[in-house]
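Novice: Model the following, please.
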Amino acid sequence: MTAIKHALQRDIFTPNDERLLSIVNVCKAGKKKKNCFLCATVTTERPVQVKVVKVKKSDKGDFYKRQITWELRDLGEVDAKDPSKENPEFDLHFEKVYRWVASSVAEKNSFISCIWKLNQRYLRKKVEFVNVSPQLLEESAPRGEAQSVAGGDEDALDDYQELNTREEQDIESMMEVCECAISNAEGFAEKLSRELQVLDGANIQSIMASEKQVNILMQLLDQALSEVDNIEDKLSSYEEMLQSVKDQMDQISQSNRLIQISNTNNGKLLDEIQFLVNYMDLSKGHIRALQEGDLSSPKGIEACINASEALLQCMNVALRPGHEKLLAVTQQQHLFSDLRDTFARRLTNHLNNVFVHQGHDQSSTLSQHTADLSLPKHSPLHRDLLRYAKLMEWLKNTQREKYEGLSRTYVDYMTRLYEREIKDFFEVAKIKMAGTSKEAKGKFGLHSSSGKLTGSTSSLNKLAVQGSNSRRSQSSSLLDMGNMSASDLDVADRTKFDKIFEQVLSELEPLCLAEQDFISKFFKLQQHATVQPPLAQPEPEEIDGMVTSRVTPQSEPRHSSSSEKDLVRMMMNKIFQSIETELNSLIALGDKIDSFHSLYMLVKMSHHVWTAENVDPASYLSTTLGNVLVTVKRNFDKCISGQIKQMEEVKISKKSKVGILTFVTCFEEFAELAETIFRNAERRGDLDKAYVKLIRAVFMNVEKVANESQKTPRDVVMMENFHHIFSTLSRLKISCLEAERKEAKHKYLEHLQSYVINSLGQPLEKLNHFFEGVEARVSQGVREEEVSYQLAFNKQELRKVIKEYPGKEVKKGLDNLFRKVDKHLCEEESLLQVVWHSMQDEFIRQYKHFEDLIGRCYPGSGITMEFTVPDMLEYFSSIAQSH
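Specialist: Numbering: from 1, shown residues only. This next block holds a predicted model:
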């Protein structure tokens, strides 16, 4: 094993600057026996690195190779398996467990002992040793500073020092002097030994010669010791003297400490008294203001405000621990409580009287506003009451019950006042809307009716309603849904309604905003809280994709469970609880007068809702107008549905021609009015959806009437009405109906062509039948030049048919055709010339087609028609001019 150790050191570890300390011959446990060596090594350079190296003998040749290297610091555990029995097996726990079987127990113990020593020296006991015999570890424990790690090898490693350059030079010079230093090493060693003995003897003689100096040195040391003893005695006496001084100083220090504590306590007591005097003392002037201050004059109110703030500050002072046990503090707190209750009672009674008097004074001036459509202004009342805003805030912070009682009192008085004002205001609005109260009862008291669209709102004064009186008389039956006749409504009526409705909204808007602003300022309520009110939950309602919140008013606000924002809303709901009802009543009246009022009511209401939401989305005005907007939108939808229903129920006369249908002209008038009303409106989308519903209903019912028509051909009904629809949509340029405009044009052209083709078959009926037979033979496979040999289609038959249609007969047939077309078409649409020109083009096309068939099927026959194209142009022109 020693030879192997030297070979490994020489071949493997010395080239890597490593020193081999221990080696064990092992093989893996439980496998085929393949021997290898585990080596414990340290590096010769510092810092020292300790490693465990697995070395394996090469299969080819007698040399060793390094296989695996582990750092000792990566070793977690060494397991010797059994501490009481000799067992060659052991485990090393690196990144995984390696199980080994040593060739002998002695090698195993020697290797584990070396690992233990290296762990103790370099890793500070990091590695854990399991099932290792304690005797083995004790034997390996170091017995001194120069204890070796592995048989003295580690100490030899630590004690070994390389020769420096000077030492090497000295040895070389010594060896050069002795000629036999290399050839006779033993002789050189003996010579060096003799010289060393000579030097040792010289050293001993030198030491003995210095004995006299040593004796002198010892005497000096004895003298120094005696002097030290003298100094110690003097120091002891000084210490006794200082001890008595120390006791006296301790007594003086204790007295000073007690004096300092007394001064500190006196200073703190003075601070406490000064604190109570400064923060819990209310001046006599403030007390007098709280007990007897004038709450009606500005100076008295200002004095009361200052006194109440001072009282609140005194009551809210943060007392220090122990203050509440002082009798003076307790008496002062009772005084403050009495002053608070007294002043709160005086303030509550005074404000109650102010509310009552102001309510009576305001109601007495109400009669002045009945003639004009305007609401009384409450700014003087608000201005007078806002002087008490700071006192209300004080009352809110100190006497919550009295504050809430004042809130209820204010709401009750203002509810009755506003209810009278709003009711009278809307009565005036209804009377003005109907002209006089008597006319209103006569017109609207019994039946719900809707007039025909004949005019516009105030913003539509420049709109010229298209159409003749005859068209108006036809369309009146469609929109006359009640007892009111169309002549009762004109532009002035709509203008009056528009102005009244706008004035009503314009009067209500500043009134509600001013009252809400006053409530928030006077009662010190924030308007921008984000808590959802528990008593007034919004009920979402969808209107054509737009969600509008309906808030149900609550009569009794519960302050303890609602935020300040909810409190403002509930107070406003109670005060103005009649606004929504009166607005709905006014809207119902306007809808009863004319269902088309819902168009501009929708625009006006949408604009005011949009304006209110921009100011404050959560305000009472925004919520109420949003609820009313729902009603207006429903009336608008009902108006559209009513028109569609009337289209479906329209009846046509069986004895007269159809012409332009009534609901087609009504749609034109509706679109003209709506386009002007909804110009730049916020709710244009609602109108676009209504347009789509109406135009689809118009298309469907035009086809329905055309199919049912007996007097007028279907193509004429379709052609005239779709031409009218196309003209209307082209003129109004409604972007959402662009597809319907193109569809109307297509249907118009389609039925115009169909009508022309069907009508032209009659003037040249036999000629048409003859050439249809010729085309049938050609399509059956008969060659074109052989058609003339067919018995029914020979040249003689062709000449016979052509002779039946001389120019006079053709002109006569065309004249009859013109009269028939004139009977079919209505005068309003002026399509006679268009149809006649289309018939001319179609007739010429047929003529050229017949000429082409004669040229191809009867070549060289010389057969031609008895009239030419110029003749036909002259026929059509003269017929058109004669009529």
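Novice: Return the distance of Ile863 relative to Asn794.
Specialist: The gap separating Ile863 from Asn794 is 11 Å, by Cβ to Cβ, to the nearest Å. In this view, the C-beta of every residue, glycine as well, is placed from N, C-alpha and C.
Novice: again with Ala209
Specialist: Distance from Ala209 to Asn794, by Cβ to Cβ: 178 Å.
Novice: Show me what secondary structure element comes after the host helix or strand of Lys638.
Specialist: Counting by DSSP states H and E, the element that carries Lys638 is helix 620-649. Later in the chain than helix 620-649, the nearest helix or strand by DSSP H and E is helix 662-677.
Novice: relative orientation of that following helix and helix 620-649 in degrees?
Specialist: Counting by axes from the mean of the first three to the mean of the last three Cα atoms, to 10 degrees, helix 662-677 lies at 160 degrees to helix 620-649.
Novice: Show me which residues of the next helix or strand after helix 662-677 are buried.
Specialist: Next helix or strand after helix 662-677 toward the C-terminus (DSSP H and E): helix 684-708. By neighbour count, with 16 or more other Cβ atoms under 10 Å as the criterion, the buried positions of helix 684-708 are 686-687, 690-691, 694-695, 697-699, 701-703, 705-706.
Novice: quick one: which of those residues is nearest Ala618?
Specialist: Asp686 (24.3 Å; Cβ to Cβ).
Novice: my read: the closest one touches Val603, true?
Specialist: No. Using Cβ atoms under 8 Å, Asp686 is not in contact with Val603, being 9.5 Å away.
Novice: just to revisit the earlier point, Ala209 and Asn794: which is more packed in?
Specialist: Using other Cβ atoms under 10 Å, the more surrounded residue of Ala209 and Asn794 is Asn794, with 15 against 9.
Novice: I figured the more buried one was touching Ser788, is that so?
Specialist: Yes. Applying Cβ under 8 Å, one finds Asn794 in contact with Ser788, separated by 5.6 Å.
Novice: The longest helix that the chain contains packs against which elements?
Specialist: Criterion DSSP state H: the longest helix present in the chain is helix 211-279. The contact analysis (3 or more Cβ pairs under 8 Å, 6 or more residues apart in numbering; DSSP states H and E) places helix 211-279 against no helix or strand.
Novice: Show which residues not belonging to whatever helix or strand comes next after that helix make contact with it.
Specialist: Note on helix 211-279: by DSSP H and E, the next helix or strand toward the C-terminus is helix 284-292. With contacts defined as Cβ atoms under 8 Å, 6 or more residues apart in numbering, helix 284-292 is touched by 300, 303-304, 306-308, 310-311, 339, 342-343.
Novice: tell me which residues in the helix holding Lys638 are buried?
Specialist: Buried residues in helix 620-649, counted by 16+ other Cβ under 10 Å: 620-633, 635-637, 639-640, 643-644, 646-647.
Novice: how far is that helix from where the chain is centred?
Specialist: Put simply, helix 620-649 sits 32 Å off its chain's centre (Cα atoms, centre = their mean, to the nearest Å).
Novice: Report the contact partners of Ile115.
Specialist: 22, 40, 52, 72, 75, 78, 127.
Novice: Among those, name the least confidently predicted one.
Specialist: Note: of the contacts of Ile115, the lowest pLDDT belongs to Val127, at 84.
Novice: Please name the nearest non-neighbouring residue to that residue.
Specialist: Asn119 (4.4 Å; Cβ to Cβ, 6 or more residues apart in numbering).
Novice: Same question for Lys5.
Specialist: Ile23 (5.3 Å).
Novice: Could you export the contacts of helix 284-292 as TSV, including distance to Lys34, secondary structure and pLDDT?
Specialist: Listed next are these as TSV, based on distance: Cβ to Cβ, whole Å; DSSP: H, G, I helix; E, B strand; the rest coil; pLDDT from 0 to 100:
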residue	distance to Lys34	secondary structure	pLDDT
Gly300	114	helix	90
Ala303	111	helix	90
Cys304	108	helix	91
Asn306	105	helix	91
Ala307	106	helix	89
Ser308	103	helix	89
Ala310	102	helix	88
Leu311	102	helix	88
Leu339	105	helix	90
Thr342	109	helix	90
Phe343	106	helix	89
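Novice: Filter the residues you listed down to the buried ones, PyMOL style.
Specialist: This is how PyMOL selects the buried members of the contacts of helix 284-292, with burial counted by 16+ other Cβ under 10 Å:
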select buried, resi 303+304+306+307+308+310+311+339+343
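Novice: give me the number of residues near Lys65?
Specialist: Lys65 has 11 nearby residues by other Cβ under 10 Å.
Novice: and Asp544, what pLDDT?
Specialist: 43.
Novice: can you check the one 4 residues further on too?
Specialist: Per-residue pLDDT puts Thr548 at 41.
Novice: returning to that earlier point: run through the bridge partners of the residue nearest to Lys5.
Specialist: Cys39 (DSSP bridges).
Novice: so who does it touch?
Specialist: 1, 4-5, 8, 37-40, 107, 111.
Novice: Reduced to three states, what does Pro380 come out as?
Specialist: Following DSSP: H, G, I helix; E, B strand; the rest coil, we place Pro380 in the helix state.
Novice: ok, it - how many residues close by?
Specialist: 13.
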